[in-house]
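Q: Fold the following and give me the result.
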Amino acid sequence: MSFLFGGKSKTPAEMMREYKRNVDRSVREIEREKTKLQAQEKKIIVDIKKAAKEGQMNVAKIMAKDIVRTRQQITKFYQMKTQMQAVGLRLQTIKSTQAMTEAMKGAAKAMRAMNAQVKPVAMQRILMEFEKQSQLMEDKQEMMDDVMDDAFEAEGEEGQIEEVVGQVLAEIGIDFSEGMAAAPGAAPVAAGAAAEADVDADLEERLKNLKG
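A: Below is the predicted model of the structure:
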């Protein structure tokens, strides 16, 4: 009827919330009425006991009939409450399903937008170019490493040789500077000079023998 008076029509979600509130309100009203009937039943039982003690059995039977009807009404309220709760559960299930549907709808929309932006051909071309540039960079780096290794190889080996010699000399108790002075480079010179002197002396001795 809202369209007849220019009112704004309710969305399905708003209608669902309204129905759920009405169901919950009805359940609370049924619970209150049931509680009243249970209190009334207890009062009637007290009155029946009082009438029985006074010997008023007809009055007790009439009130007993009232208790039977009250209990029947309470049972009906239990049934009504159960049915209303079942309706509320269905409404909640529908609401949850609707929320899940809306969420899936939004996710599908987002995925469709992302898929529209992704172009397989362009992406493949970008990946190929990336792989090409990466390989080129690796090749250049390898060439630079080779050049640097060649440049520092001799210097590095010389330093390592001196380090090893120094360690060996230190182990046998010789200082590196003294070891260098007595190193094989100087020893052959001294040995050669001594050998040359011995040869000269030997030749001179032979010459004297020949003259004699």
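Q: Thought Val46 was touching Ala60, still the case?
A: No. Ala60 is beyond contact range of Val46, at 11.7 Å (criterion: CB atoms under 8 Å). All C-beta atoms are positioned from the backbone trio N, CA, C, and that covers glycine.
Q: Which stretches in this structure count as strands?
A: For the chain, strands defined by DSSP state E do not occur.
Q: in it, which ranges drop under the pLDDT threshold?
A: Along the chain, the parts satisfying pLDDT under 70 run over 1-8, 150-162, 164-166, 168-169, 171-212.
Q: Which stretches in it count as helices?
A: Assigned by DSSP state H, the chain shows helices spanning 12-53, 57-117, 120-171, 176-181, 187-211.
Q: Just the angle for the longest one relative to helix 12-53, thanks.
A: What separates the directions of helix 57-117 and helix 12-53 is an angle of 160 degrees, with axes from the mean of the first three to the mean of the last three CA atoms, to 10 degrees.
Q: change the start of the numbering to 5 and stick with it
A: Taking 5 as the first residue, the last one we looked at is helix 61-121.
Q: Does anything pack onto helix 61-121? Which helices or strands?
A: Packing partners of helix 61-121 (3 or more CB pairs under 8 Å, 6 or more residues apart in numbering; DSSP states H and E): helix 16-57.
Q: sorry, back to before: between Ala64 and Val50, which is the more surrounded one?
A: Set Ala64 next to Val50 and count neighbours by other CB atoms under 10 Å: Ala64 wins out with 18 against 11.
Q: check contacts around the more buried one.
A: Ile52, Ala55, Ala56 (CB atoms under 8 Å, 6 or more residues apart in numbering).
Q: Relative to Ala90, which of those is nearest.
A: Nearest to Ala90 among the contacts of Ala64: Ile52, at 35.8 Å, using CB to CB.
Q: Would you confirm that that closest one contacts Ile71?
A: Yes. With contacts counted by CB under 8 Å, Ile52 reaches Ile71, the gap being 7.3 Å.
Q: Compare the two and say which is more crowded by neighbours.
A: Per other CB under 10 Å, whichever of Ile52 and Ile71 has more neighbours is Ile52, with 19 against 16.
Q: Roughly how far does that one sit from Ile78?
A: Distance from Ile52 to Ile78, counting by CB to CB, to the nearest Å: 17 Å.
Q: my read: Ile78 touches Ala43, true?
A: No. If you go by CB under 8 Å, Ile78 and Ala43 don't touch, sitting 10.8 Å apart.
Q: more crowded one of the two?
A: Looking at Ile78 and Ala43 with other CB under 10 Å, you find the greater number of neighbours at Ile78, namely 18 against 10.
Q: residues contacting the more buried one?
A: Ile78 neighbours (CB under 8 Å, 6+ apart): Lys38, Leu41, Gln42, Glu45.
Q: can I assume the second one is in contact with Thr74?
A: If I follow you right, that is Leu41. Yes. Taking CB under 8 Å as the definition, Leu41 is a contact partner of Thr74 at 5.3 Å.
Q: That concludes my questions; thank you for your assistance.
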